[in-house]
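Engineer: Here is my input; please provide its structure:
(one chain, ligands or ions: 1)
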Amino acid sequence: MVSRQKLRLGIVGGGPGSFIGPVHLAAARLDGEFELVCGAFSRDAERSREAGRALGLSPERCYADYRDMLNRESGRSAEGLQCLVVATPNDTHFEISAAALRRGLHVMCDKPATRTLSEAQELAKIIAAERQVYALTYTYSGYPMVREAREVCASGQLGRIRRVQVEYLQGWLTRPIEKDGNKQAGWRTDPARAGSGCLGDIGVHAFHLLEFIAGHRVDRLRADLSTIVAGRAVDDDFAALLRLDNGAPGVIAASQIAAGEGNGLRIRVHGEQGSLDWSHAAADELTLRWLDRPTEILSSGVGGVGLSAASRAISRLPAAHPEGYIEAMANLYREFAAAVRGEPAAATLPTVADGVRGLQFIAAVERSARKSENWVPVAD
Ligand SMILES: NC(=O)c1ccc[n+]([C@@H]2O[C@H](COP(=O)([O-])OP(=O)(O)OC[C@H]3O[C@@H](n4cnc5c(N)ncnc54)[C@H](O)[C@@H]3O)[C@@H](O)[C@H]2O)c1
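Structural biologist: Residues are numbered from 1 along each chain as shown. A predicted model of the protein is given here:
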């Protein structure tokens, strides 16, 4: 049990110009649960100090090597590190998370949990042995209306789930920008650093969202995986037909070459009585369509009309005051903090089991896509 002081947080990644590290730090600060005490923001010492300086850290607590940080910070006992954020490219997630857990630290890692399935399975064993809290930022599961959608499915209002459809369309990799020095595209299209392409970058988000909301596991799938941009070394588009554990069919599709698309994540779940529709473009709304009554559009917010306790509990502002990506991640950080303090972990906080699941999904799509016998000509 950790006392009610701020939890001392460090980060690996999040250097100047990076995407998700600063989002983690903003999210971790939102509820006053964490205090940033150190960081290995970049493998470049000056860039690491630059990032730390901007966050008010003293230079001696900014590191270029996370191992050095773990060694030196663990010597500080009373003011040393308790929790570590892992916000680096995928190939480093396993080694950094494992090293931190073995030092007795709690870990908040970004997805995918690891680069390979075997690493994720090994990580699960380490977590079982070390008994530290390990959570994953499947950020979209922290949105109030995603929690509402999960409640709608669990309540049985839709009746038996008969069909699911999830799509995640981005267009930022339509051109081979990795060849023009775009760093984020560079590591994401390098199999040695990313593992897979679109699959691991956004496909796992779509997959997690589907199982999280529908409350059913995907039992099996048939997939098609493409690399549309010539010369790219990883997939940049995929689609798969699914069967859920209740026999219902589903479709999942994601792309990073869908020109003109931004961050188009959308899920629909159809039951016997009606359906739900949530889209990241209107994240504070959930549309419910019914067979025999008018369509409802639920809006998130404190005191939101007709909402479940689950979504009201994580809303921060009155209805019609939009919350977004940082707040969604902050909701995961709030649950992470509670678990670190020894409170029962929220069932909604993504764990290493969700991480293994994501890597299982990637492996299944890749395995299915290698088999070609499902393709038949439309006309002989
Ligand atoms: N949850 C989400 O919605 C979400 C969104 C974006 C990215 N991600 C994930 O977050 C991770 C990082 O993605 P990004 O877009 O922020 O990448 P990025 O390239 O923008 O940033 C990576 C940062 O890590 C630093 N870094 C790399 N190796 C390091 C090391 N060994 N030690 C210290 N620093 C190191 C780099 O200098 C850089 O500052 C990836 O695993 C990605 O899949 C998740």
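
Engineer: show me where the stretch 251-380 of the chain has strands.
Structural biologist: Using DSSP state E, counting those that start in this stretch, the strands found in the stretch 251-380 of the chain span residues 264-271, 274-279, 285-290, 296-299.

Engineer: how about CSV for the ones you listed, with mean pLDDT and mean neighbour count added?
Structural biologist: The C-beta positions use only the backbone N, C-alpha and C, and glycine is treated the same way. Below are these laid out as CSV (pLDDT from 0 to 100; neighbours: other Cβ atoms under 10 Å):
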stretch, mean pLDDT, mean neighbour count
strand 264-271, 98, 21
strand 274-279, 98, 21
strand 285-290, 98, 18
strand 296-299, 96, 17
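
Engineer: how about those, which one is nearest the ligand?
Structural biologist: Among those, strand 264-271 comes nearest to the ligand, with 9.8 Å by Cβ to the nearest ligand atom.

Engineer: Now do the contacts for the nearest residue to Asp68 once chain neighbours are set aside.
Structural biologist: Nearest residue to Asp68, sequence neighbours excluded (Cβ to Cβ, 6 or more residues apart in numbering): Ala40, at 7.6 Å. Residues near Ala40 by Cβ atoms under 8 Å, 6 or more residues apart in numbering: Gly10, Ile11, Val12, Gly13, Ser48, Cys62, Tyr63, Ala64, Asp65, Tyr66, Asp68, Met69.

Engineer: Of the residues you listed, which are in range of the ligand?
Structural biologist: When contact is defined as Cβ under 6 Å from any ligand atom, those meet the ligand at Val12, Gly13, Tyr66.

Engineer: Check whether the helix or strand hosting Tyr168 comes into contact with the ligand.
Structural biologist: Taking DSSP states H and E as the criterion, Tyr168 maps to strand 161-169. No: using Cβ under 6 Å from any ligand atom, strand 161-169 never reaches the ligand; the gap is at least 10.9 Å.

Engineer: So out of everything in the stretch 201-350 of the chain, what residue is nearest the ligand?
Structural biologist: For the stretch 201-350 of the chain, Cβ to the nearest ligand atom, closest residue to the ligand: Asp201, 5.8 Å.

Engineer: Could you tell me which residues make contact with the closest residue to that residue other than its chain neighbours?
Structural biologist: Distances taken as Cβ to Cβ, 6+ apart put Arg188 closest to Asp201, at 5.7 Å, once the chain neighbours are dropped. Residues counted as contacts of Arg188 (Cβ under 8 Å, 6+ apart) are Pro89, Leu173, Glu178, Ala194, Gly197, Asp201, Val234.

Engineer: ok so, going back, quickly name whichever of the contacts of Ala40 is closest to Leu307.
Structural biologist: Closest approach to Leu307 among the contacts of Ala40 (Cβ to Cβ): Ile11, at 33.4 Å.

Engineer: wait, the closest one sits on Ala26?
Structural biologist: No: with contacts counted by Cβ atoms under 8 Å, Ile11 stays clear of Ala26, the gap being 11.8 Å.

Engineer: between the two, who's got more neighbours?
Structural biologist: Ile11 (29 against 15; other Cβ atoms under 10 Å).

Engineer: Sort out for me which of the ones next to the ligand among the contacts of Ala40 are in strands.
Structural biologist: Using DSSP state E, the subset of the ones next to the ligand among the contacts of Ala40 located in strands is Val12, Gly13.

Engineer: now that we have the ones next to the ligand among the contacts of Ala40, which one has the most neighbours?
Structural biologist: In terms of neighbour count, Val12 stands highest of the ones next to the ligand among the contacts of Ala40 at 29 neighbours, by other Cβ under 10 Å.

Engineer: got a pLDDT number for that one?
Structural biologist: For Val12, the model assigns a pLDDT of 98.

Engineer: which residues touch it?
Structural biologist: Val12 neighbours (Cβ under 8 Å, 6+ apart): Gly39, Ala40, Phe41, Tyr66, Met69, Leu84, Val85, Val86, Ala87, Thr88, Thr92, Ile96.
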